[in-house]
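Asker: this is the structure alone, sequence omitted:
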């Protein structure tokens, strides 16, 4: 089975139902998960005491043993952890449709947003601030 390290880790804890909540809150890597505290779990909506206890115990294990142990357990269980370049990219046309649907649902009209004509460099990871502000409406 192919998965991310986070997906395997949560699955091994029998807590896969929290996967999207982890991703939505920026915990997409095991190194970042080492910093999870009780307050973070509350913000993520993890309210079940058993789930919170299990996650905090696993975080403590991650801190002590490192993330390598998760990769070793995944290999032993027959899972293959996807490398960054193997992760699925969203095709440009699908992404455009998704953005249009979101804009229609939220009533965003680009004509109402004052933006200068901006050239986005294909090789750059940086986006103009006005586009970032628009995405957070």
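Answerer: Arrived safely. Keep in mind it's a predicted model, so treat the numbers as computed, not measured.
Asker: what residues of the lengthiest helix in the chain count as buried?
Answerer: Longest helix in the chain, counting residues (DSSP state H): helix 49-65. For helix 49-65, the neighbour count (16 or more other C-beta atoms under 10 Å) marks 51, 55, 58-59, 62 as buried. (Each C-beta comes from the backbone N, C-alpha and C, glycine too.)
Asker: what packs against it?
Answerer: In terms of contacts (3 or more C-beta pairs under 8 Å, 6 or more residues apart in numbering; DSSP states H and E), helix 49-65 is packed against helix 30-33, helix 38-44.
Asker: any idea which of those gets closest to residue 71?
Answerer: Closest approach to residue 71 among the helices and strands packed on helix 49-65 (C-beta to C-beta): helix 30-33, 8.8 Å.
Asker: need the strands for this structure, in chain order.
Answerer: Using DSSP state E, the strands of the chain run over 2-3, 80-81.
Asker: among those strands, which gets the worst mean confidence?
Answerer: Mean pLDDT per stretch puts strand 2-3 lowest among the strands of the chain, at a mean of 61.
Asker: show me which pair in the buried residues of helix 49-65 is furthest apart.
Answerer: Counting by C-beta to C-beta, the most remote pair of those is 51 and 62, 16.1 Å apart.
Asker: per-residue confidence for the closest residue to residue 33 other than its chain neighbours?
Answerer: Nearest residue to residue 33 in three dimensions, chain neighbours excluded: residue 27, at 5.2 Å (C-beta to C-beta, 6 or more residues apart in numbering). Looking at residue 27, its pLDDT reads 88.
Asker: with the one 3 residues further on instead?
Answerer: For residue 30, the model assigns a pLDDT of 88.
Asker: quick one: it and residue 9 touch, right?
Answerer: Yes. Counting by C-beta atoms under 8 Å, residue 30 touches residue 9, with 6.3 Å between them.
Asker: who has more neighbours out of those two?
Answerer: residue 9 (26 against 20; other C-beta atoms under 10 Å).
Asker: ok, the residue nearest to the more buried one when sequence neighbours are not counted - contacts?
Answerer: Distance criterion C-beta to C-beta, 6+ apart; nearest residue to residue 9, sequence neighbours excluded, is residue 70 at 5.2 Å. Contacts for residue 70 (C-beta atoms under 8 Å, 6 or more residues apart in numbering) come out as 5, 8-9, 12, 30, 62.
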